[in-house]
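**Student:** What shape does this take:
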Amino acid sequence: MKVNRILQLSVSLFIIIAVLVLVAKISASKKPQQKEIPARPVKTALAVQKDVSIYLDSFGSLSPSNDVNIKSQVTGEIKECHFNEGQDVAKGDLLFTIDTASFQANLDKTVAALAADTADLNLKKDTLARNKTLVEQQLISQQEYDKIQADAASAEAKIKVDQSNIDLAQINLGYCSIGSPIDGVTGKRQVDSGNIVTANTGPTLVNIKTIDPLYVDFTLSEGNLAKVRSAMDNGQLKVAIIIDGDENNKFPGQLQFLSNTVDNTTGTIALRAVVPNKERKLWPGQFARVRLVLGISSNAVIVPYESVQLGQKGNYLFVVTPDNKADLRLVSTGAQVDDDIVIGKGVEAGEKVVISGQMGLAPGVAVQEVKN
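**Tutor:** Now for the predicted structure:
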């Protein structure tokens, strides 16, 4: 009986174990299979190797290379204006005429005084010559002769004064014809014919500005001073000017001036460039974007600026491998060149970099390129 009992228990235990194993297999077969992660859609661009300009961008304003306010140097009535407002004038062109009557009369008076004093001098020289013989023969005293000699010297000095008065009168008469001291463009005429103007302290008659060439004044952060000075040691630096409303044109120029001091208030340093303007496409007072070219970086590797991201370990980007997997690269960056940026190391020319779709990427994740 005991043997049969043991056999029955063994069979029951075996059946129970078999059922448990079968249930485990059935449960295992019902587990969901792990789904494969789909490829991430990304946009890419090629890393390119080429020579690029290294530059600094700033803002500035255009100003005339010459800016002159014309004033009268004599007091008198304006008789005539000889130009139109906004007209091109050359150096020496007549602008205004002031009434010459009083100045001509003064010149005539000084000329007449010179003639009279010249006649008086000649007479006193003759008297001196005659008395020289008499004093030698002791027919007159030395004191009397000295007085005659002093009179002749005084008459000679008076001639020099008369000549100076004539020169001054001629200068003032010349000031009655006001000419342009520079080549440029006239502004608005401030005084009309018939008005009386006073010498030097009177109103500005007209302003003249030189349009070609123009200056562009701009500033850079003092942190860029060392770069600029180092680049200047290698030769004259070039600039490119862009004007709002005419973004398709870049106007070339050359750096002319670097200030001798840093502005402690703003932490900037002032610079000035000269820009040719023969076609008159630029105008004084315009706001300008200024690009100062420091040099050329040869065979630089560049990628789109939007491909570079900033992480805890520094700048990085994703490269698409030949088997369409994402590869994270830590990179060193250089100067920005328009919409691109120079890569010092981390990427080779010809590799594909991700420019859109970086969110959710990780090393080894499959990617699928999306065309623009």
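**Student:** where exactly do the helices run in the chain?
**Tutor:** Here the chain has its helices, by DSSP state H, at 2-29, 101-136, 142-174, 225-232.
**Student:** Domains in the chain, by residue range?
**Tutor:** Taking automatic domain parsing as the criterion, the chain consists of the domains 42-50+300-369, 55-65+210-298, 72-207.
**Student:** okay, now the nearest residue to A90 once chain neighbours are set aside: neighbour count?
**Tutor:** Nearest residue to A90, sequence neighbours excluded (CB to CB, 6 or more residues apart in numbering): D183, at 5.3 Å. (Glycine included, C-beta is placed from N, CA and C.) Neighbour count for D183, taken as other CB atoms under 10 Å: 16.
**Student:** for T127, same thing?
**Tutor:** T127 has 14 neighbours, counted by other CB under 10 Å.
**Student:** That one: what's it in contact with?
**Tutor:** Going by CB atoms under 8 Å, 6 or more residues apart in numbering, T127 touches 148, 151-152.
**Student:** how close does it get to L114?
**Tutor:** Distance, T127 to L114, using CB to CB, to the nearest Å: 20 Å.
**Student:** go on, D327?
**Tutor:** 98 Å.
**Student:** repeat for Q138
**Tutor:** Distance, Q138 to L114, using CB to CB: 37 Å.
**Student:** cool, P181 as well?
**Tutor:** Counting by CB to CB - P181 and L114 are separated by 31 Å.
**Student:** Am I right that V206 is in contact with G187?
**Tutor:** Yes: counting by CB atoms under 8 Å, G187 is a contact partner of V206 at 6.0 Å.
**Student:** These two: who's more crowded?
**Tutor:** Set V206 next to G187 and count neighbours by other CB under 10 Å: V206 wins out with 22 against 16.
**Student:** Buried residues, stretch 160-168. List them.
**Tutor:** Buried residues in stretch 160-168, counted by 16 or more other CB atoms under 10 Å: 162, 165-166.
**Student:** got the contact list for that stretch?
**Tutor:** Here stretch 160-168 makes contact (CB under 8 Å, 6+ apart) with 107, 110-111, 113-114, 117.
**Student:** Pull out the buried members of those residues.
**Tutor:** Among these, the ones that count as buried by 16+ other CB under 10 Å are 107, 110, 113-114, 117.
**Student:** For those residues, which two are the farthest from each other?
**Tutor:** Using CB to CB, the pair of the buried ones among the contacts of stretch 160-168 lying farthest apart is L107 and D117, separated by 15.8 Å.
**Student:** From G267, how far off is Q336?
**Tutor:** Q336 is 21 Å from G267, by CB to CB.
**Student:** mind checking the end-to-end distance for stretch 64-77?
**Tutor:** Stretch 64-77 has an end-to-end distance of 31 Å (CA to CA, to the nearest Å).
**Student:** what's in contact with that stretch?
**Tutor:** In contact with stretch 64-77 (CB under 8 Å, 6+ apart) are residues 95-96, 98-99, 102-103, 172, 175-176, 178, 180-182, 184, 194-200, 202-211, 213-215, 274, 284.
**Student:** now with 7 Å?
**Tutor:** The list of residues contacting stretch 64-77 from outside it, by CB atoms under 7 Å, 6 or more residues apart in numbering, reads 95, 98-99, 103, 172, 175-176, 178, 181-182, 184, 194, 196-200, 202, 204-211, 213-215, 284.
**Student:** what does stretch 284-292 give?
**Tutor:** Here stretch 284-292 makes contact (CB under 7 Å, 6+ apart) with 55-64, 209, 214, 216, 218, 237, 239-244, 255.
**Student:** now stretch 302-317
**Tutor:** Residues outside stretch 302-317 that contact it (CB under 7 Å, 6+ apart) are 45, 47-48, 52, 328-331, 333, 336-337, 339-343, 347, 353-355, 358.
**Student:** When you filter these down to buried only, what's left?
**Tutor:** By 16+ other CB under 10 Å, the contacts of stretch 302-317 give 45, 47, 52, 328-329, 331, 333, 337, 340-343, 347, 353-355, 358 as buried.
**Student:** Could you list the low-pLDDT ranges of the stretch 251-372 of the chain?
**Tutor:** Along the stretch 251-372 of the chain, the parts satisfying pLDDT under 70 run over 372.
**Student:** mind running it again at 80?
**Tutor:** For the stretch 251-372 of the chain, residues meeting the criterion pLDDT under 80 lie at 335-336, 338, 371-372.
**Student:** In it, mark out all the strands, start to finish.
**Tutor:** 268-275, 287-304, 309-311, 314-320, 326-330, 332-337, 340-345, 352-356, 367-369 (DSSP state E, counting those that start in this stretch).
**Student:** what lines up beside the last one in the sheet?
**Tutor:** If you go by DSSP bridges, strand 367-369 pairs up with strand 40-46 (parallel).
**Student:** list the buried ones in the partner strand?
**Tutor:** In strand 40-46, counting by 16+ other CB under 10 Å, buried: 40, 42-45.
**Student:** Relative to D167, how far out is the residue nearest to the spatial centre of the chain?
**Tutor:** Centroid check for the chain by CA atoms, centre = their mean gives V216 as the closest residue, at 3.7 Å. For V216, the distance to D167 equals 44 Å [CB to CB].
**Student:** which residues sit against stretch 218-225?
**Tutor:** With CB under 7 Å, 6+ apart, stretch 218-225 has contacts from 56, 58-60, 228, 262, 267-271, 290.
**Student:** Can you select the buried ones from the residues you listed in ChimeraX?
**Tutor:** Here is the ChimeraX command that selects the buried residues among these (16+ other CB under 10 Å):
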select :56,58,60,228,268,269,270,271,290
